[in-house]
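*Asks:* kindly return the folded structure for what I paste below:
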Amino acid sequence: MPLVRYRKVVILGYRSVGKTSLAHQFVEGEFSEGYDPTVENR
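*Replies:* From the prediction side, this is the model:
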C-alpha cells in the first residue's frame, strides 16, 4: 500500500494574482489558462 501524505498549505496574496491557479497547478499538475473568478472577485 502506498504511503499517503497530507499537507496543509496557505497561499497568501492580493486579489487576482493567481493563487487559485497556483494551487490547481500543484494539486492537478495542469495550468488553466481560462479565468474563472473566485467568489470575492465576482
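
*Asks:* CA atoms for contacts and neighbours, from now on please.
*Replies:* OK.

*Asks:* just to check, Leu12 is in contact with Lys19?
*Replies:* Yes. Look at Leu12 against Lys19 with Cα atoms under 8 Å: they come within range, at 7.3 Å.

*Asks:* helices of this protein, start to end?
*Replies:* Assigned by DSSP state H, the helices in the chain fall at 19-28.

*Asks:* re earlier: of Leu12 and Lys19, which one has the most company?
*Replies:* In terms of neighbours (other Cα atoms under 10 Å), Lys19 is the more surrounded of Leu12 and Lys19; the figures are 15 against 8.

*Asks:* now do the contacts for that one.
*Replies:* Contact analysis of Lys19 by Cα atoms under 8 Å, 6 or more residues apart in numbering lists 11-13.

*Asks:* just send these back as TSV, with pLDDT and distance to Glu33 too.
*Replies:* Formatted as TSV, these follow (pLDDT from 0 to 100; distance: Cα to Cα, whole Å):
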residue	pLDDT	distance to Glu33
Ile11	94	19
Leu12	96	21
Gly13	93	19
